[in-house]
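# need a structure here:
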Amino acid sequence: MSTVNGTTNEVLSQYQLQSTGSGKNSELGKNEFLELMLAQLENQNPLEPQDNGEFISQLAQFSSLEEMQGVSNSIGDMVGEFRSSQALQASAMVGRSVLVPGTASRLVEGGEIAGSVAVQQSTSNLTISIKNSAGELVHQIDVGAADAGYHKFSWDGLDGNGEQLPPGKYEIVAQGNYGGGTEQLGTLISANVDSVSLGSEGRITLNLAHMGSIGLSDVYQIN
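Prediction:
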């Protein structure tokens with residue numbers, strides 16, 4: 001079988017040289033695999049022909065390789081279609097309002113700050129405090145007793161005396177009363193989607209008004 005081995009090595013050498021020159025992947029594909037099989041058949045020793053079992057094994061490997069490449073291509077197509085579908089759905093969110101995790105928002109002239117408080121366990125008293133950029137309390141919303149779940153809130157920008165506060169960034173701090181003590185609760189802030197960005201790896205990012213950017217997977221609710 002020295003003739004077959006010599007021919008095989010020659011084919012492999014030619015392929016390696018071509019791959020090195022072109023800068024392409026040096027792994028054997030199905031075309032190169034088939035070329036090796038044909039070279040073995042053409043150059044086999046007539047007195048010692050290739051064993052049928054070995055030939056069938058090579059055919060099975062070739063078939064398996066072709067199927068794997070087909071599956072890989074199909075998965076790649078599915079991923080591409082999925083990302084395109086995600087981008088299309090995300091683009092429909094432009095101009096809409098979403099709920100995202102956050103503890104601060106920007107008050108605009110004539111606008112309001114709205115969102116929800118995540119209450120994990122029922123509380124005897126739920127309060128929502130609004131603080132300015134200096135950390136000063138400017139308004140407080142007393143909700144009272146609240147069951148477990150999400151509780152909506154909104155603030156129109158007025159202080160405790162009914163005076164309009166200036167536009168700017170304000171912090172929202174929600175607290176629940178549990179057994180005589182208080183516990184800070186998670187908050188979701190409502191924000192408008194200004195635009196959508198699609199990253200190089202297919203990551204979709206929503207650009208929110210006055211709140212920066214956030215991943216699509218971080219959106220809790222679309223209003």
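
# which secondary element of the protein has the worst mean pLDDT?
Lowest mean confidence among the helices and strands of the chain (mean pLDDT, DSSP states H and E): helix 2-22, at a mean of 48.

# Doesn't residue 196 lie inside a helix?
No - looking at residue 196 with DSSP: H, G, I helix; E, B strand; the rest coil, it is strand, so not inside a helix.

# What are the boundaries of the strands in the protein?
For the chain, the strands defined by DSSP state E cover 97-101, 104-107, 113-119, 123-131, 137-146, 149-155, 168-178, 181-198, 204-208, 212-215, 221-222.

# export the ones you listed to CSV and tack on distance to residue 74, mean neighbour count and mean pLDDT?
In short, each C-beta sits where N, CA and C put it, glycine included. Shown next, in CSV, are the strands of the chain (distance: least, C-beta to C-beta, whole Å; neighbours: other C-beta atoms under 10 Å; pLDDT from 0 to 100):
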stretch, distance to residue 74, mean neighbour count, mean pLDDT
strand 97-101, 34, 18, 93
strand 104-107, 45, 19, 94
strand 113-119, 41, 20, 95
strand 123-131, 51, 18, 95
strand 137-146, 50, 14, 95
strand 149-155, 41, 15, 95
strand 168-178, 48, 17, 95
strand 181-198, 23, 17, 91
strand 204-208, 23, 19, 88
strand 212-215, 27, 13, 88
strand 221-222, 31, 12, 87
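
# Need these in JSON lines (columns: distance to residue 38).
Formatted as JSON lines, the strands of the chain follow (distance: least, C-beta to C-beta, whole Å):
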{"stretch": "strand 97-101", "distance to residue 38": "60"}
{"stretch": "strand 104-107", "distance to residue 38": "69"}
{"stretch": "strand 113-119", "distance to residue 38": "67"}
{"stretch": "strand 123-131", "distance to residue 38": "77"}
{"stretch": "strand 137-146", "distance to residue 38": "76"}
{"stretch": "strand 149-155", "distance to residue 38": "67"}
{"stretch": "strand 168-178", "distance to residue 38": "72"}
{"stretch": "strand 181-198", "distance to residue 38": "45"}
{"stretch": "strand 204-208", "distance to residue 38": "48"}
{"stretch": "strand 212-215", "distance to residue 38": "51"}
{"stretch": "strand 221-222", "distance to residue 38": "58"}
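
# and of those, who's closest to residue 35?
Comparing those by their distance to residue 35 (C-beta to C-beta), the top pick is strand 181-198, with 40.6 Å.
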